[in-house]
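**Student:** What would the 3D arrangement of this be:
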Amino acid sequence: MPQITRDTVHKFIGEHRYAVLATVSPEHAPEAALVGFALAADFTIVFDAISTTRKCQNLLHNPRIAFVIGWKDDRTVQYEGAADMPEGRELEEIKQIYCAVWPEAPARDIWPGHIYVRVRPRWIRFSSYALPYEIEEFQF
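**Tutor:** This next block holds a predicted model:
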């Protein structure tokens, strides 16, 4: 059975542009949303949002976040990490990552509350349910 490597998982994630993210409200209610994202070389995920959305408000109370990426061909990634909303030089760095995938994003910077969110991975699980089954987990 072939072994799934970090490079294989990075390539798989990078082939996708959308993910379903999950956060938890201060009242412990689940919230899920579809977001466009970009992937950095170190598995950091960047997405943009409006700061008043439920997902962003949830992240202010609890920075833990989860994504599901991909579902075509019976392959998917579960990704858990911690989110923040950097400023200054770090903001410019993540904007470059995001805008390389989503070049129209800077036009949204004039929208009130438009922000960029950085998510650093803690755990990733790649699952292929096509034969032969392959499941591999990575800790960060």
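
**Student:** Name the next helix or strand downstream of the one helix or strand Asn58 maps to, please.
**Tutor:** Per DSSP states H and E, Asn58 falls inside helix 54-61. Along the chain past helix 54-61, the next helix or strand (assigned with DSSP H and E) turns out to be strand 64-69.

**Student:** Need the contact partners of that following strand.
**Tutor:** 12-13, 16, 19-24, 37, 45, 59, 76-83, 119 (Cβ atoms under 8 Å, 6 or more residues apart in numbering). For every residue, glycine as well, the C-beta is placed using N, CA and C.

**Student:** Need phi/psi at Leu39.
**Tutor:** For Leu39, the backbone dihedrals (degrees, to the nearest 10) come out as phi -120, psi 130.

**Student:** What residues sit buried inside stretch 61-78?
**Tutor:** By neighbour count on 16 or more other Cβ atoms under 10 Å, the buried set for stretch 61-78 is Pro63, Ile65, Ala66, Phe67, Ile69, Gly70, Thr76, Val77.

**Student:** Over to stretch 33-44?
**Tutor:** Val35, Gly36, Phe37, Ala38, Leu39, Ala40, Phe43, Thr44.

**Student:** wait, the second one sits on Trp102?
**Tutor:** Just to be clear, that refers to Gly36. Yes - Gly36 is in contact with Trp102 according to Cβ atoms under 8 Å; the separation is 5.9 Å.
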